[in-house]
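S.K.: Provide a 3D model corresponding to the input given below.
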Amino acid sequence: MATISGEIRDENNDLLADCVVRAYRRDTGALLVAGLSGDGSPEEPGDADYASVSLLLHCDGTDGSTTFTDNSPTPKTVTAYGNAHIETDQSKFGGASAYFDGAGDYLSIPNATDLTLSDATTWTIEGWMYPLDSRANSTLISKRSGSNPTSYYCGRLSGQLVFYNGTTLYTQTGTTANNSWTHFAYVFNAGNLKIFADGTKVGEWGSVALSEVNTVINIGRHYSTIEEAFNGYLDDLRITKGVACYNANFTPPTAAFLDYAVTPAKPLGEYTLTTAYTDEVQVIALDPAGGTTFNDLILRTTPV
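M.R.: Take a look at the predicted model:
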């Protein structure tokens, strides 16, 4: 993509906000793109990677509710099964979390393109867990159905965080605690897999292969066996596709993940238009009401 940028000033050389700026093709006169000159508002903080978030479950709501809202840019339908529900007894952020009793509770999400995590993609799966026991198999997030190979399986085996790709079980060094909150993160980049517990890297492996499976995503259960069900609480679960959020040891989040993007600054009088067109264009600025041409400002330029 190419950009066209500049600033709008009045006859006293003062910068003007909210002027309509339009760019037209010089050869055909067709309108390419339009925008406004900035009003001077500053950048507002948000999640710089929010556009890449595929799933974001804050697990907030009314005690006992079975409604789980996906706050990603492309919201998915989340269905609760068994006794899975929102519980206010435990929470990392927001006053509530998802509770699973370990006897068949789980959440299910239909497959979607942005939840397809193959070995050709970069991604991060993370969240907070509060396990109530160290059972032999305890699923956090998995994508597997019946006899199909596993696409991705993030879980806990006798207190250890594990990742399973259908052929190999990758296991953290050390263990994670019961009855307390632990931040977990699985980061995959160019075949390299890293597991983090509370911001500390507890495992790293290269040449990890993944086989994509076209099936639902389960949270709190593998796919069919209650023996692999999670017993405890989960909070602030997030899948980010296209971004390796952590590459080295880090400080775990101190607040809930933001569910909005960064709002860029709008410098007073400045404008930036984005277009795929790269030949000469004509730029026309109109007054703030979008009416007559402002101060006869008609420019010729080439997007860069």
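
S.K.: what number of residues lie near Lys92?
M.R.: 23 (other C-beta atoms under 10 Å). Every residue, glycine included, has its C-beta placed from N, CA and C.

S.K.: any idea which helix or strand carries it?
M.R.: Taking DSSP states H and E as the definition, Lys92 sits outside all helices and strands.

S.K.: i'd like the first residue to be 23 from this point on
M.R.: Renumbered: residue one is now 23, and that last one reads Lys114.

S.K.: For Pro325, see how far away it is.
M.R.: 46 Å (C-beta to C-beta, to the nearest Å).

S.K.: Could you list the low-pLDDT ranges of the stretch 73-222 of the chain?
M.R.: 168-170 (pLDDT under 70).

S.K.: Spell out, range by range, the strands that occur in it.
M.R.: 75-79, 101-103, 107-109, 119-123, 128-131, 145-153, 160-165, 174-179, 182-186, 191-193, 204-211, 214-219, 222-227 (DSSP state E, counting those that start in this stretch).

S.K.: And for the stretch 223-326 of the chain?
M.R.: According to DSSP E, counting those that start in this stretch, the strands that the stretch 223-326 of the chain contains are 239-241, 253-263, 292-297, 303-308, 315-323.

S.K.: Quick check: which of those is nearest to Thr25?
M.R.: Smallest distance to Thr25 across those (C-beta to C-beta): 5.5 Å, for strand 292-297.

S.K.: helices and strands around the closest one, which ones?
M.R.: With contacts taken as 3 or more C-beta pairs under 8 Å, 6 or more residues apart in numbering; DSSP states H and E, strand 292-297 sits against strand 24-29, strand 42-47, strand 53-58.

S.K.: now the angle from it to strand 24-29?
M.R.: Strand 292-297 and strand 24-29 meet at an angle of 160 degrees, taking axes from the mean of the first three to the mean of the last three C-alpha atoms, to 10 degrees as the criterion.

S.K.: so strand 292-297 versus strand 303-308, what angle?
M.R.: 140 degrees.

S.K.: Direction included, what does strand 292-297 pair up with?
M.R.: The strands beside strand 292-297 in its sheet (DSSP bridges) come out as strand 24-29 (antiparallel).

S.K.: How about the partner strand, which residues are buried there?
M.R.: Neighbour counts using 16 or more other C-beta atoms under 10 Å place 26, 28-29 of strand 24-29 among the buried residues.

S.K.: same thing with stretch 137-154?
M.R.: Neighbour-count burial for stretch 137-154 [16+ other C-beta under 10 Å]: 137-139, 141, 144-154.

S.K.: With stretch 240-257 instead?
M.R.: For stretch 240-257, by 16+ other C-beta under 10 Å, it's 240-245, 250-257.

S.K.: CSV for the strands of the stretch 73-222 of the chain, including distance to Val43?
M.R.: Shown next, in CSV, are the strands of the stretch 73-222 of the chain (distance: least, C-beta to C-beta, whole Å):
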stretch, distance to Val43
strand 75-79, 31
strand 101-103, 46
strand 107-109, 47
strand 119-123, 47
strand 128-131, 42
strand 145-153, 38
strand 160-165, 45
strand 174-179, 46
strand 182-186, 50
strand 191-193, 53
strand 204-211, 39
strand 214-219, 45
strand 222-227, 48
